[in-house]
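A.B. asks: Predicted model and sequence below, questions to follow.
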Amino acid sequence: MLAQRFSLSLLGFLMSILSIDLFAVPTSYSRNDPFPVFTTLDPYTFLYKRERFIDKDGIERQRYVPQKFYISFSPFGQNSDSSRDNFKELIPLGDINGRWNMIALLYGQTPACNMLPPVLLEAQQALFPTITPPICDQPTDPCQRFGFFSVDSKYRKRGFRWDINLHILSNVGLEIQGGVSDITNTPSCITNLTGFSGYSAENLINPCDPALTPDNVDKYLMDKLKIIGDQTCINLNNYHSTTMEDLRFNLFWRHAYEGNMIRNDWPNLYVMPFLMLSGTVAIGKEPNPSQIFGLSHGNNDHHSIGASAGVNLDFVETIDIGCEIGGTYFFPRDFNCFRVPNHICQQTLFPFVTDIRRSPGWNWHFAAKLGAYHFLEHLSFYFQYVIVQHQKDSIHLKVCDPAFQPQALEKISSFRAQMGNVGLDYDISSHLSIGFLWQTPMMVEFAFRSTTIMFSLNVFY
């Protein structure tokens, strides 16, 4: 009997993988919160609750009963201090788009109707008195020390989210999600790496320019970071903003099919496939592109649509297993006065702005879940593994200018995040529950290693 149950569980898991079509739920176009959670409830409840009954043979069983609606109220907090690069190495949050390359601010063509501000013009004349930068075949230090800043910052997000599910038609429901959040992103340490211990003058990449020395780089660039920020209109201050988050609408279909309910020698089973069509309205106020520590409260000002499909297999008296797969499309949008590099070596700090049209790449995600309903009195548990992959963006200039290099922004636009969601919910009554959720990062690539804690009050009817 035990072997039969194990075989059925394994078969059910394989079925859940093989029976999925390629759709997606609305993940976020956001490095700091790519898979936002809105409730602590099991992600595959879909307006169903369980109740016990006595069948015609006098055996106590469980069954799914449709609900009219539920609503969740969920305060949450999210923290991060680091990320990882494509080599899986830990990096400070301020370096997520590369260490700040100060010498490269002097490189490249000057865009039409623009000129270097006085502080950078002075630095260019002092560091490259007889030649036009950059010089030599390799214009910057490959170790990213000479003329580079490394920036540690602390990201904190606090807020309140709500999640409403409404029954519309048989097996069809509507989910509406929203919230408000307060974000701070504070640089804790800006480290000048030019004088890094053990770094000697013989290692300089541009020995043919005798003026390009550590002392001169410190004097004309590193020590004048604030002045450079002021004269290029780059906001280097701490970021703090409170605003509404994006509004999400999810239209879903699901149906719970009974299996083995009249077979006493097999475990009771519900198979619930589901489909979901989703849309996100970008109502959250986003930071100015020149705010260097600014972060998104949602989709970076892009509306999106998506769809998802999956299946949940509930072995009623033991565990339930489910998974889904999908993708999200983000609509293009025009941005005025957007920071674009005028040389491919520039990182994070760019001296000039222009108007662009940004078409974000698709998001795709996969999630798998293991849950246990009322495994301890009225306490339920689930663990969900999630992977989110954002594809490369496409960025086009509104007015063609060969000085700008939008491909440098495209190159650093993709990111990936893997995370685990652990949820606990306690049923106080048939119409009320409280819950706790912990979202922990497992592996990221150019995304925030964000940890989220959430509590929920869930009301059912």
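C.D. replies: Noted; the coordinates are in hand.
A.B. asks: use CA for all of it now, contacts and neighbours both
C.D. replies: Will do.
A.B. asks: Does Phe196 belong to a helix, a strand or coil?
C.D. replies: Of the three states, Phe196 takes coil under DSSP: H, G, I helix; E, B strand; the rest coil.
A.B. asks: neighbours of the closest residue to it other than its chain neighbours, just the number please.
C.D. replies: In this structure, Phe196 finds its nearest non-sequential neighbour in Arg145, 7.0 Å apart by C-alpha to C-alpha, 6 or more residues apart in numbering. Neighbour count of Arg145, defined by other C-alpha atoms under 10 Å: 20.
A.B. asks: check contacts around Arg145.
C.D. replies: Residues counted as contacts of Arg145 (C-alpha atoms under 8 Å, 6 or more residues apart in numbering) are 193-194, 196.
A.B. asks: Could you say which of those residues is surrounded by the most neighbours?
C.D. replies: In these, the most neighbours by other C-alpha under 10 Å go to Thr194, 20 neighbours.
A.B. asks: Show the contacting residues for the closest residue in space to that residue that isn't next to it in sequence.
C.D. replies: Leaving aside its sequence neighbours, Thr194 sits nearest to Phe146 (C-alpha to C-alpha, 6+ apart; 4.3 Å). Residues in contact with Phe146, defined by C-alpha under 8 Å, 6+ apart, are 140, 193-195, 204, 214.
A.B. asks: need the strands for the stretch 101-250 of the chain, in chain order.
C.D. replies: 148-169, 172-192, 239-244, 247-254 (DSSP state E, counting those that start in this stretch).
A.B. asks: For Thr451, find the nearest of those.
C.D. replies: strand 148-169 (9.9 Å; C-alpha to C-alpha).
A.B. asks: these two touch, right, Pro332 and His302?
C.D. replies: Yes. Counting by C-alpha atoms under 8 Å, Pro332 does reach His302; the two are 6.9 Å apart.
A.B. asks: These two: who's more crowded?
C.D. replies: Neighbours per residue, other C-alpha under 10 Å: of Pro332 and His302, the larger number sits with His302, 23 against 18.
A.B. asks: Just say helix, strand or coil for that one.
C.D. replies: coil.
A.B. asks: Which one of the strands of the stretch 101-250 of the chain lies nearest to Val37?
C.D. replies: When these are compared for distance to Val37 using C-alpha to C-alpha, the nearest one is strand 148-169, at 8.6 Å.
A.B. asks: Break down this protein into its helices, ranges please.
C.D. replies: Counting by DSSP state H, the segments of the chain that form helices are 2-18, 118-127, 214-220, 225-231, 406-411.
A.B. asks: so who does Leu251 touch?
C.D. replies: 172-175, 276-278.
A.B. asks: These into TSV, with extra columns for neighbour count and distance to Leu349?
C.D. replies: Listed next are the contacts of Leu251 as TSV, based on neighbours: other C-alpha atoms under 10 Å; distance: C-alpha to C-alpha, whole Å:
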residue	neighbour count	distance to Leu349
Val172	18	49
Gly173	20	46
Leu174	21	43
Glu175	21	41
Met276	24	40
Leu277	19	39
Ser278	22	36
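A.B. asks: Please tell me I have it right and Ile176 contacts Asp246.
C.D. replies: No. Using C-alpha under 8 Å, Ile176 makes no contact with Asp246, being 10.9 Å away.
A.B. asks: Neighbour count for these two, which is higher?
C.D. replies: Neighbours per residue (other C-alpha under 10 Å) separate Ile176 from Asp246, with Asp246 holding more: 23 against 18.
A.B. asks: contacting residues around the more buried one?
C.D. replies: 178-179, 280-284, 297-299.
A.B. asks: For stretch 247-256, list every residue counted as buried.
C.D. replies: 247-256 (16 or more other C-alpha atoms under 10 Å).
A.B. asks: For those, could you give me TSV that also reports distance to Pro289 and pLDDT?
C.D. replies: Formatted as TSV, the buried residues of stretch 247-256 follow (distance: C-alpha to C-alpha, whole Å; pLDDT from 0 to 100):
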residue	distance to Pro289	pLDDT
Leu247	22	96
Arg248	24	96
Phe249	28	96
Asn250	30	95
Leu251	33	96
Phe252	36	94
Trp253	39	94
Arg254	41	92
His255	45	90
Ala256	47	88
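A.B. asks: quick one: which of those residues is nearest Phe87?
C.D. replies: Arg248 (34.3 Å).
A.B. asks: and the closest one, bridged to which residues?
C.D. replies: On the basis of DSSP bridges, Arg248 is bridged to Gln177, Thr280.
A.B. asks: For Asp301, see how far away it is.
C.D. replies: From Arg248 across to Asp301, the span is 14 Å (C-alpha to C-alpha, to the nearest Å).
A.B. asks: Kindly report the same for His167.
C.D. replies: 30 Å.
A.B. asks: Might you list the low-confidence residue ranges for the protein?
C.D. replies: 1-25, 52-61, 135-138, 197-208, 260-265 (pLDDT under 70).
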